[in-house]
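**Student:** The sequence and its predicted three-dimensional model are supplied below.
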Amino acid sequence: MSYFVFKYQNNKFRSVDHIDTFESFKEAKLLVKELRQKNSPSNPDAYKIVFAEDMLEAEMLILEKRDAPILREWEK
């Protein structure tokens, strides 16, 4: 399984652009950190890492709509 780095755009229609693929998380993390500092300091969510079997699964995971986490009473 590999680590896929994507540029994520959450517009009206979600879209992703594949940037690179890595075998180790450390390398992917370094690239994402550099890209966030250089290209999107105001929006750190623009670049994401996905751990998946192949490119198709990675795209499906990143575009999957997730529910907001439920806040417990003590977390408010």
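**Tutor:** Great, that's in hand. Being a predicted model, the structure only gives us computed values, none of them experimental.
**Student:** quick one, strands of this structure?
**Tutor:** For the chain, applying DSSP state E gives strands covering 2-10, 14-22, 47-52.
**Student:** The shortest one versus strand 14-22: what angle between them?
**Tutor:** Computed by axes from the mean of the first three to the mean of the last three Cα atoms, to 10 degrees, the angle separating strand 47-52 from strand 14-22 equals 70 degrees.
**Student:** For the longest helix seen in the chain, enumerate the helices and strands it packs against.
**Tutor:** Here the longest helix in the chain is taken by residue count, with DSSP state H as the criterion, and it is helix 25-39. In terms of contact count using 3 or more Cβ pairs under 8 Å, 6 or more residues apart in numbering; DSSP states H and E, helix 25-39 is assigned the packing partners strand 2-10, strand 14-22, strand 47-52. Any C-beta I mention is one placed from the backbone N, CA and C, and that applies to glycine too.
**Student:** TSV please, covering those strands and showing mean pLDDT.
**Tutor:** Rendered in TSV, the data for the helices and strands packed on helix 25-39 read as follows (pLDDT from 0 to 100):
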stretch	mean pLDDT
strand 2-10	90
strand 14-22	90
strand 47-52	94
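**Student:** any chance of the ones you listed in TSV, plus distance to N39 and mean neighbour count?
**Tutor:** As requested, these are arranged in TSV below (distance: least, Cβ to Cβ, whole Å; neighbours: other Cβ atoms under 10 Å):
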stretch	distance to N39	mean neighbour count
strand 2-10	8	18
strand 14-22	11	14
strand 47-52	8	17
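**Student:** could these be laid out in a markdown table, adding distance to Q37?
**Tutor:** Below are the helices and strands packed on helix 25-39 laid out as a markdown table (distance: least, Cβ to Cβ, whole Å):
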| stretch | distance to Q37 |
| --- | --- |
| strand 2-10 | 14 |
| strand 14-22 | 15 |
| strand 47-52 | 10 |
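**Student:** Quick check: which of these is nearest to A68?
**Tutor:** Comparison of these against A68 by Cβ to Cβ identifies strand 2-10 as nearest, at 13.9 Å.
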